[in-house]
Each structure stands twice: as C-alpha cells, then as structure tokens.
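Visitor: compute the structure for the input listed below.
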Amino acid sequence: MQVFSVADIRQAEKELIKKLPERALMERAAYGLASFISQLARARNLSPNQTEIVAIIGKGNNGQDCLVAGEYLTQKGFRFTSVLHTDNSEKAKQIVKRANIVLDGIVGLGSASPISETARSLFDQVTTDAILVAVDLPSGVNPDTGEVYDENFCPKANYTVTFGALKMGLITGKAKSF
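Guide: Numbering: from 1, shown residues only. The predicted model follows:
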C-alpha cells in the first residue's frame, strides 16, 4: 500500500491538471463519491427517493466535489441539499437533522485547523441513525500527520471516501479513529 504526503499529491494533481480538460479531476472525484453514496444507500435498503443527503461544505475544492456529486445523485433520484459550514441558522440545523446521509465536505488537503463552532453545531445535528461520510478526509484532521486539531471534537465519520491517493494522515496519529 502506497501512502502519500500532501506535497506529493498536490504535485501530481498539478501535473494532471495541465494534461486533462478543465474540471476533469473534480468530475472524477465527484462521480466516485456519488457512486459510493448510491451503493451505500442500496446496502441500507434505501431507495433514492427515501434518501436525504446533506453536504456540510466549505468554500474550497472539497465543497465543490460535494456539489458536483450532488448533481450526479440528483440525476439518480436522490434528494440532495448542501449547507455552508458557516450557516448557524435553525433552518440549516433542521436540514442536517433530517438527513439519512451527511457528507463532511468542509475541507480536504488544506486542513490546517479545527472546525469552527458553527460547523460543530451543524455536526451536532447529525442523528445516530444517519451515516456520516468524510469527503477526502475528516475535517479537522491534519492530512500529513493524522493530528486531530481539536481533541474534544472532530466529525467521526462512518466512512471516508478519499481521492487520488491514500493520504499519510488517514492512517497515522489519532485520525485513524475518525
């Protein structure tokens, strides 16, 4: 099993982006994420029209991956909604609370700090019956070292769908538990 640093992954992505059509990497990541979510729903005996998927997103590429995956999932009949990790409204909390599947799409390779209190309040709404899927890696985890920035809270995913290559931080440090 090969494991890569953030610098290695960014360099590989930079070279690929030069060779591929615009958004090709994002489309591949999103398609893979959407396929995994479809299989997960099927394994839980949830039909698309019974499955409420909510992505808690940030402003970067990870959030974009979720939104593009949402387009694919919507085409398959799933109900998909996204909320910004900075939205502290009751409406946003209720949207998260009713989800069957929640995507942690706040931050990926750029993770350098704990998640915000607002994001934490959104994750607090995820019900025990819902499935939490980290997109690329759990937010609040250092992608190189596996350090968990806030020991008291980091979204604990049921699954992590990582893109491109296995990140060092997914298998080292305390991140393995998240």
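Visitor: which elements pack onto the helix ranked longest in the chain?
Guide: Scanning the chain for the helix with the most residues, using DSSP state H, yields helix 24-43. Helix 24-43 is packed against helix 6-19, helix 61-75, strand 101-105, strand 131-135, strand 159-161, with contacts defined by 3 or more Cβ pairs under 8 Å, 6 or more residues apart in numbering; DSSP states H and E. In short, each C-beta sits where N, CA and C put it, glycine included.
Visitor: in the following helix or strand past that helix, which residues are buried?
Guide: Downstream of helix 24-43, the first helix or strand assigned by DSSP states H and E is strand 52-57. With burial defined by 16 or more other Cβ atoms under 10 Å, the residues of strand 52-57 counted as buried are 52-57.
Visitor: closest to residue 30 out of the residues you listed?
Guide: Nearest to residue 30 among the buried residues of strand 52-57, counting by Cβ to Cβ, is residue 55 at 11.0 Å.
Visitor: roughly how far apart are that closest one and residue 17?
Guide: 23 Å (Cβ to Cβ, to the nearest Å).
Visitor: out of the buried residues of strand 52-57, flag the one nearest to residue 152.
Guide: Taking Cβ to Cβ as the measure, residue 152 lies nearest residue 56 of the buried residues of strand 52-57, at 18.4 Å.
Visitor: what sits against that closest one?
Guide: 82-85, 96, 102-106, 119, 122-123 (Cβ atoms under 8 Å, 6 or more residues apart in numbering).
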